[in-house]
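Just a sequence and a predicted model for now, questions to come.
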Amino acid sequence: MHDIVRASLFKKIIMALFSITDAQLAYGHVALLDRASFSLDENERVGLIGRNGTGKSSLLKIIAGIQNADDGVVARQNGLRCAYVQQEPLFAPETTVLHAVAEGAGEAAAWLEEYDSLTEQLGDADEDTMVKLLDRMQVVQHELEAHDGWSLHARVQTLLSQLDLNPHTLCGALSGGLQKRVALASALVQNPEVLLLDEPTNHLDMTAIAWLEDLLKNFKGAVLFITHDRAFLNNVSTRIVELDRGQLRSYPGNFLAYQATKAQQLADEAVENAKFDKVLAQEEVWIRKGVEARRTKSTARINALVEMRAQRGARRDQVGNVKMDVSQADRSGKVIAEMELVCKSFGERVIVRDFTANIMRGDKIGLLAGNGIGKTTLLKLILGELEADSGKIKNGTNLEIAYFDQMRAGLDLEATLADTISPGSEWVEINGSKKHVVGYLNDFLFAPQRAHSPVKSLSGGERNRLFLARLFAKPANVLVLDEPTNDLDIETLELLEELLQDYNGTVFLVSHDREFLDNVVTSVIAAEPRAGDWREYVGGFYDWQRQSGLKTPVGHNEQLANAPAPKAAPVAEVVKPAPAKVKLSYKEQRELDELPTKMAALESEQAAIVAELELGDVFSKDAPRAAQIANRLTEIEAELLACLTRWEELEAKV
């Protein structure tokens with residue numbers, strides 16, 4: 001039997017593209033990998049998730065062969081082509097985009113460059129030189145054929161076009177988003193069998209993200225990627241692997257399937273831990289009984305208690321959640337901005353054309369447009385930081401604005417964490433109450449001993465958390481958040497969503513995270529296909545998709561620069577044929593009428609179960625019931641999702 005099991009395991013390892021067995025990796029006293037095992041099979045698309053600082057990027061580097069584990073076995077198929085795109089790509093500033101992309105193909109790129117150089121030299125060469133050049137060209141041609149160099153040029157040009165990259169631009173002049181596109185193109189040009197991506201959606205706009213989703217879904221090899229973009233995870237992944245407390249746990253399916261399974265696992269884990277702790281407490285009481293009772297104590301029972309203590313000490317509990325609270329300034333005026341037929345141009349380029357909107361206190365507005373369309377200009381107009389060329393702008397009173405910069409330019413890398421939050425003071429004042437800066441940093445999951453560490457020692461996700469901590473310590477009634485979700489883990493994202501939903505002030509949000517936008521904003525201001533046209537839509541990202549008929553925000557390629565206004569519609573409108581009306585059948589109409597009642601009943605049942613689980617008594621008093629209602633909670637979430645989907649289908653018909 002054991003031989004059969006070993007043979008089966010050996011066969012699985014051989015079939016996998018690569019595998020890791022009993023891997024260990026530690027920094028200081030923290031074990032990032034604690035005898036973790038993982039394998040990747042052909043055509044899989046695996047999303048790797050976990051808290052910031054748990055070691056996801058380190059694991060990816062081990063798989064890519066850039067870093068070594070402290071212990072364990074890493075096995076790869078012979079000749080496996082593996083391409084790795086790091087979180088923050090680095091290119092030599094003087095390198096052109098074309099060279100940076102072609103360089104990904106290795107030797108073939110060098111041979112192709114030499115072939116082009118020889119071709120140019122032939123035009124001016126004399127007879128003797130020409131003979132030498134032709135001899136060398138034969139060698140180069142042979143090498144190009146051996147390295148599949150003739151198809152390299154076509155692949156490079158195709159990728160440059162798909163990612164909207166100018167081949168002659170110097171990498172030093174590119175934004176973070178464009179550098180990420182160059183890194184993706186450099187990896188894809190290699191025709192890899194395994195693609196390793198660390199936060200591939202960071203700094204990309206939604207059009208590029210949609211293109212990347214389609215590319216990965218049609219990719220012939222296997223993909224392992226780290227991301228906190230829940231919509232991207234859901235659309236791309238065929239399996240989720242979670243790095244949690246040093247262990248790798250696998251969940252088949254996409255992110256929604258993972259959420260349901262994970263909720264059940266956490267409930268089961270809480271029940272088992274509660275049972276264990278109860279028995280341990282009873283044994284601790286027993287061991288402390290009087291001297292007379294000790295004479296009759298069982299040696300085996302004492303040894304069992306010692307072992308239980310060791311198990312409890314070795315248990316790695318989940319890291320606590322970030323505790324976020326915004327320091328709110330005095331309320332702003334009721335009106336944030338009244339705008340009427342506002343226009344703004346730079347030279348011949350129209351950025352805003354005849355824009356009209358009323359923005360009120362408490363509005364939460366998302367701005368949707370591709371990079372370089374004019375989101376920042378529109379924001380400055382709304383907030384009174386930029387004068388319009390024409391039209392009227394009336395700004396509200398008592399505006400206290402706090403900015404979140406996606407590039408974290410406001411962070412001094414040499415300053416300590418404590419000085420970053422509260423320079424020159426040990427205290428932070430949040431909504432009238434003082435808190436020690438070390439305790440405030442602890443709310444954002446920074447250990448007390450790190451309070452005096454320099455900012456440069458933090459990872460990307462930790463810097464984002466620190467920036468949020470500083471932002472929320474500043475009294476404000478208007479928050480301007482530019483890509484706040486970059487590098488944040490999913491738990492922190494969900495807490496930030498809740499905070500912004502409950503925030504009494506006004507929020508302007510620029511984000512490529514579709515789920516985050518949809519969960520936070522009450523309306524969106526989106527660029528329209530005609531250059532300079534902007535329009536406000538009620539609802540979140542997916543409401544905008546339904547109303548506009550567009551899948552991704554408008555970018556440069558989609559805009560018809562300075563095109564004449566459509567005659568049959570107002571300036572900011574896009575003319576569309578009226579959809580044909582469909583009358584629902586009697587059965588469908590009855591179903592539509594009953595759905596709100598059904599959903600209300602499910603939400604009521606959901607609230608009752610959540611309230612019971614939050615008390616915690618059910619886990620210790622009635623473990624079977626705890627498991628039962630946790631299962632029911634998962635079922636309710638699935639039923640609610642099905643109801644919402646069906647409601648949208650029926651509404652769409654009419």
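Arrived safely. Numbering: from 1, shown residues only.

Using just helix, strand and coil, how would you label Asn234?
Under the three-state scheme (DSSP: H, G, I helix; E, B strand; the rest coil), Asn234 adopts helix.

show me what contacts it?
When the contact criterion is CB atoms under 8 Å, 6 or more residues apart in numbering, the partners of Asn234 are 254-256. Every residue, glycine included, has its C-beta placed from N, CA and C.

can you rerun that using 10 Å?
Neighbour list for Asn234: 47, 240, 253-259, 514-515 [criterion: CB atoms under 10 Å, 6 or more residues apart in numbering].

Spatially nearest residue to it (excluding sequence neighbours)?
Spatially, and ignoring its direct neighbours in sequence, Asn234 is nearest to Phe255 (4.3 Å; CB to CB, 6 or more residues apart in numbering).

separation between that neighbour and Gly372?
Counting by CB to CB, to the nearest Å, the separation of Phe255 from Gly372 is 31 Å.

What is the lowest-pLDDT residue among the contacts of Asn234?
Minimum pLDDT for these is recorded at Gln259 (84).

for this protein, which helix is longest?
When secondary structure is assigned using DSSP state H, the longest helix within the chain turns out to be helix 255-287.

Show me what that helix is packed against.
Using 3 or more CB pairs under 10 Å, 6 or more residues apart in numbering; DSSP states H and E as the contact criterion, the elements in contact with helix 255-287 are strand 45-49, helix 230-236, strand 239-244, strand 247-252, helix 291-294, helix 299-314, helix 617-621, helix 623-653.

Kindly state which of the ones you listed is positioned closest to Ala476.
Ranking the helices and strands packed on helix 255-287 by their distance to Ala476 (criterion: CB to CB) puts helix 230-236 first, at 27.1 Å.

tell me the mean pLDDT for the closest one?
Averaged across helix 230-236, the pLDDT comes to 93.

same thing with stretch 418-431?
For stretch 418-431, mean pLDDT rounds to 80.

returning to what we had before: what's the local residue count around the residue nearest to Asn234?
Other residues within reach of Phe255, judged by other CB atoms under 10 Å, total 23.

Tell me where the model's unsure across the stretch 301-450 of the chain.
Scanning the stretch 301-450 of the chain for pLDDT under 70 picks out 301-302, 305-306, 308-330, 405-410, 431-432.

Show me the strands in it, by range?
For the stretch 301-450 of the chain, the strands defined by DSSP state E, counting those that start in this stretch cover 335-346, 349-360, 364-368, 390-395, 401-404, 427-430, 433-436.

for the stretch 501-650 of the chain, same thing?
Using DSSP E, counting those that start in this stretch, the strands found in the stretch 501-650 of the chain span residues 506-510, 523-527, 534-538.

so can I have CSV of these showing distance to Asn235, mean pLDDT and mean neighbour count?
Listed next are the strands of the stretch 501-650 of the chain as CSV, based on distance: least, CB to CB, whole Å; pLDDT from 0 to 100; neighbours: other CB atoms under 10 Å:
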stretch, distance to Asn235, mean pLDDT, mean neighbour count
strand 506-510, 21, 91, 22
strand 523-527, 20, 93, 23
strand 534-538, 22, 93, 18
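
Among those, single out whichever gets nearest to Gly176.
Set against Gly176 and scored by CB to CB, the strands of the stretch 501-650 of the chain come closest in strand 506-510, at 13.9 Å.

Can you list the strands that the closest one pairs with?
strand 364-368 (parallel), strand 478-482 (parallel) (DSSP bridges).

deepest of those, which one?
Per-residue neighbour counts averaged over each of the strands paired with strand 506-510 give the maximum for strand 364-368, namely a mean of 24 (mean count of other CB atoms under 10 Å).

could you dump it to CSV, C-alpha only?
Taking only C-alpha atoms (Å, rounded to 0.1, in the frame of the first residue of the first chain), the coordinates of strand 364-368 have been written out as CSV:
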residue,chain,number,x,y,z
LYS,A,364,-18.6,59.4,-2.9
ILE,A,365,-17.5,59.8,-6.5
GLY,A,366,-15.4,57.6,-8.7
LEU,A,367,-13.5,59.0,-11.7
LEU,A,368,-13.3,56.7,-14.7
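
what angle sits between that strand and strand 534-538?
Between strand 364-368 and strand 534-538, the angle formed by their directions is 130 degrees, by axes from the mean of the first three to the mean of the last three CA atoms, to 10 degrees.

possible to save the strands of the stretch 301-450 of the chain as a markdown table with distance to Ala108?
Rendered in a markdown table, the data for those read as follows (distance: least, CB to CB, whole Å):
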| stretch | distance to Ala108 |
| --- | --- |
| strand 335-346 | 42 |
| strand 349-360 | 40 |
| strand 364-368 | 40 |
| strand 390-395 | 55 |
| strand 401-404 | 43 |
| strand 427-430 | 56 |
| strand 433-436 | 59 |
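
In space, what's closest to Asp148 - neighbours in sequence excluded?
Taking CB to CB, 6+ apart, and ignoring the residues beside it in sequence, Asp148 has Ala108 as its nearest neighbour in space, at 6.5 Å.

What of Asn235?
Closest residue in space to Asn235, ignoring its immediate chain neighbours: Glu213 at 5.2 Å, by CB to CB, 6+ apart.

and the helix or strand harbouring the one you found, what other elements does it pack with?
Glu213 belongs to helix 206-217 when assigned by DSSP states H and E. Identification of packing neighbours for helix 206-217 by 3+ CB pairs under 10 Å, 6+ apart yields helix 149-162, helix 176-188, strand 194-198, strand 222-226, helix 230-236, helix 514-520.

what sits up against the helix or strand harbouring the residue nearest to Asp148?
In this structure, Ala108 is located in helix 107-122 according to DSSP H and E. Applying CB under 10 Å, 6+ apart, the set of residues contacting helix 107-122 from outside is 98-103, 105, 125, 129-130, 132-134, 136-137, 139-153, 156, 186, 189-190.

can you do 6 Å?
Applying CB atoms under 6 Å, 6 or more residues apart in numbering, the set of residues contacting helix 107-122 from outside is 102-103, 133, 137, 140, 143-144, 147, 149, 152.

Just the ones in strands from the residues you listed, please.
With DSSP state E as the criterion, strands contain none of the contacts of helix 107-122.

Which two of those have the greatest separation?
Glu103 and Leu133 (24.6 Å).

Distance-wise, check the residue nearest to Asn235 relative to Pro200.
10 Å.

now do Lys278
Taking CB to CB as the measure, Lys278 falls 46 Å from Pro200.

neighbour count winner among those two?
More neighbours surround Pro200 than the other of Lys278 and Pro200, with 26 against 12 (other CB under 10 Å).

list the contacts for that one?
If you count contacts by CB under 6 Å, 6+ apart, Pro200 has them with Phe225.

which SS class is it?
Pro200 falls in the coil class when you classify it by three-state DSSP.

How much space separates it from Ile365?
Using CB to CB, which is the criterion applied here, Pro200 is 27 Å from Ile365.

With Ala626 instead?
When CB to CB is the yardstick, Ala626 and Ile365 sit 42 Å from each other.
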